[in-house]
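> Model the following, please.
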Amino acid sequence: MPFKNKLPIAISMGEPGGINIEIVLKSIKKKLPNFFLIADPEWVKKSIKALNSEIKINVLENVDNCLKGHLNILTTKNKVKFGFKKSYNQNVPAIIESLNLSIKLAKQKKVAGIVTLPVMKKTLIINGFNYPGHTEYLGKVSNKRPLMIMLNNKLKIATLTTHIPISQVPKKITKSNLEKTIKVYIKSLNMDFGLTDPKLAVSSLNPHSGEDGKIGNEEIKTISPVINKFKKQGIRINGPKSADTMFHKEALKNIDANLCMFHDQALIPIKSTDFYGSINFTAGLPFIRTSPDHGTAFDIAGKNIANNSSLVNAIKYVDFIYNQRIKNDKKL
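Below you'll find the model as predicted:
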């Protein structure tokens, strides 16, 4: 994949007690666009020593001065307490600062986009961060409608709802919500992936698509009417399809992307097809954001055995989408 983009990519540090620093260090020698980590350099130095890494750091005064073969660091004002397998409350200010600085740089167009490393949601929430995940927070600070798209080299799957209890999912399945989500999805497939006439499959909520209303009527009352509305507009969209059958080989023929009603409907096929290499992309924002499709992995933190494939792909996709947007903007 050729990297035409000149701007660097900002990486927010996420949870310091997990595998984040390890997967970043393992990505330094890869053939990737320029990127830098927003973090406390002293924490990074301790982490490098603990992981027996020989990577050298380059503390940035200007984000344009990234050095190849180095871990480029933009310094946070808040310090980070070192320690693997632990989530310290005192690290929350630095975690939030790192995220907010990456967003600021993206809005100022000083970076091509951002990659957010995994966080410990519980730690953030109990310390006043009132969002269940990055997706919801990014939508709030951007005043945009975010759409979580999970993807790998085989699948693109968006979710109508994100990090909410299953009991709340049916309440979110409204005609308005579904229609707005599909519009964001189609625009992203056009602008971010170069799919000018995408073919979209939409899942049902209930088993067997509700069996004609016998085991749920969301398909009849909400999902089908919205799909039919888009069909009348010439959009190539099908459904509602039972989520347990829409991801086998034959069902995926001639399908560019899928939309699921809730988190696990999408994440199970994504992680089953490529557990290590899949990523998360947030569509609908005024800047590009991706993230690895895994958590903090406290159980293996500090052992030097973490797989960095998802982070590598997350960085590559920022570059790919950035160049797609430039190319498609020129066409308009």
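> Closest to the centroid, which residue in this structure?
N280 (2.7 Å; CA atoms, centre = their mean).
> so what pLDDT did that one get?
Looking at N280, its pLDDT is 98.
> how about the residue nearest to it when sequence neighbours are not counted, what does it touch?
Nearest non-adjacent residue to N280, counting by CB to CB, 6 or more residues apart in numbering: S291, 4.6 Å away. In short, each C-beta sits where N, CA and C put it, glycine included. Neighbouring residues of S291 by CB atoms under 8 Å, 6 or more residues apart in numbering: V115, T116, L117, P118, H134, I279, N280, A314.
> Identify the residues contacting the third one.
By CB under 8 Å, 6+ apart, the contact list for L117 reads I11, S12, M13, G14, E15, N20, I23, V24, S291, P292, L311.
> run the last query once more with 6 Å
M13, G14, N20 (CB atoms under 6 Å, 6 or more residues apart in numbering).
> distance of the closest residue to the last one other than its chain neighbours from N307?
Spelled out, that is N20. Nearest residue to N20, sequence neighbours excluded (CB to CB, 6+ apart): L117, at 4.2 Å. L117 is 14 Å from N307, where distance means CB to CB, to the nearest Å.
> now swap in N238 and tell me
35 Å.
> thinking I114 is in contact with K104, fair?
No: using CB atoms under 6 Å, I114 makes no contact with K104, being 10.0 Å away.
> Compare neighbour counts for the two and give me the winner.
Set side by side, I114 and K104 show more neighbours around I114, with 29 against 14, by other CB atoms under 10 Å.
> did I read that right, that one in a strand?
Yes: per DSSP: H, G, I helix; E, B strand; the rest coil, I114 lies within a strand segment.
> Out of the helices and strands in the protein, which is least certain?
Using mean pLDDT, DSSP states H and E, helix 309-331 stands out as the lowest-scoring helix or strand of the chain, at a mean of 92.
> follow-up on the earlier one: so what does the residue nearest to N20 look like in phi/psi?
phi -80, psi 160 (degrees, to the nearest 10).
> hmm, back to that, in terms of contact, does the residue nearest to the centre of the chain touch H294 like I think?
No: when contacts are counted by CB under 6 Å, N280 is not listed as touching H294 (9.5 Å).
> Show me where the stretch 51-200 of the chain has its helices.
Under the criterion DSSP state H, counting those that start in this stretch, helices of the stretch 51-200 of the chain are mapped to 92-107, 121-126, 134-142, 169-172, 175-191.
> other SSEs contacting the longest one?
Counting contacts by 3 or more CB pairs under 6 Å, 6 or more residues apart in numbering; DSSP states H and E, helix 175-191 packs against helix 224-232.
> and the following helix or strand past the helix it packs on, which residues are buried?
Proceeding N to C from helix 224-232, the next assigned helix or strand is strand 236-241, under DSSP states H and E. In terms of neighbour count (16 or more other CB atoms under 10 Å), strand 236-241 has its buried residues at I237, G239, P240, K241.
> Contacts only, for the second one.
Going back to what we said before, that points to G239. Contacts of G239 by CB under 6 Å, 6+ apart are A201, V202, I227.
> make it 7 Å
A201, V202, S203, I223, I227 (CB atoms under 7 Å, 6 or more residues apart in numbering).
> do the same with the third one
By CB under 7 Å, 6+ apart, the contact set of P240 is V202, S203, S204, S209, E219, I223, S224, I227.
> pLDDT below threshold where in the stretch 201-332 of the chain?
Scanning the stretch 201-332 of the chain for pLDDT under 70 picks out 330-332.
> same thing but at 80, please
Along the stretch 201-332 of the chain, segments meeting pLDDT under 80 span 329-332.
> Check the contacts of L117 against Q233 and report the nearest one.
G14 (40.1 Å; CB to CB).
> Could you count how many residues lie near the closest one?
27.
> now do the one 3 residues further on
Using other CB under 10 Å, G17 has 23 other residues around it.
> Over to P292?
The number of residues near P292, taken as other CB under 10 Å, comes to 27.
> Excluding chain neighbours, what is closest to it?
Nearest one to P292, counting by CB to CB, 6+ apart, is S310 at 3.7 Å.
> re earlier: nearest to I173 among the buried residues of strand 236-241?
Of all the buried residues of strand 236-241, I173 sits closest to P240, with 10.4 Å by CB to CB.
> Against P269, how distant is that closest one?
P240 sits 16 Å away from P269, going by CB to CB.
> Okay, buried residues for stretch 121-131 please.
K121, T123, L124, F129, Y131.
> contacting residues for the fourth one?
For F129, the contact set (CB under 7 Å, 6+ apart) comprises I96.
> thought L105 was touching G113?
No: with contacts counted by CB atoms under 7 Å, L105 stays clear of G113, the gap being 9.7 Å.
> Model confidence score at the closest residue to P146 other than its chain neighbours, please.
Once flanking residues are discounted, P146 sits nearest to G139: 3.6 Å by CB to CB, 6+ apart. Here the pLDDT value assigned to G139 is 96.
> domains in the chain, as residue ranges please.
1-145+285-332, 154-273 (automatic domain parsing).
> What ranges does the stretch 1-150 of the chain have for its strands?
All strands of the stretch 1-150 of the chain, identified by DSSP state E, counting those that start in this stretch, fall at 9-12, 35-39, 56-59, 70-75, 113-116, 147-151.
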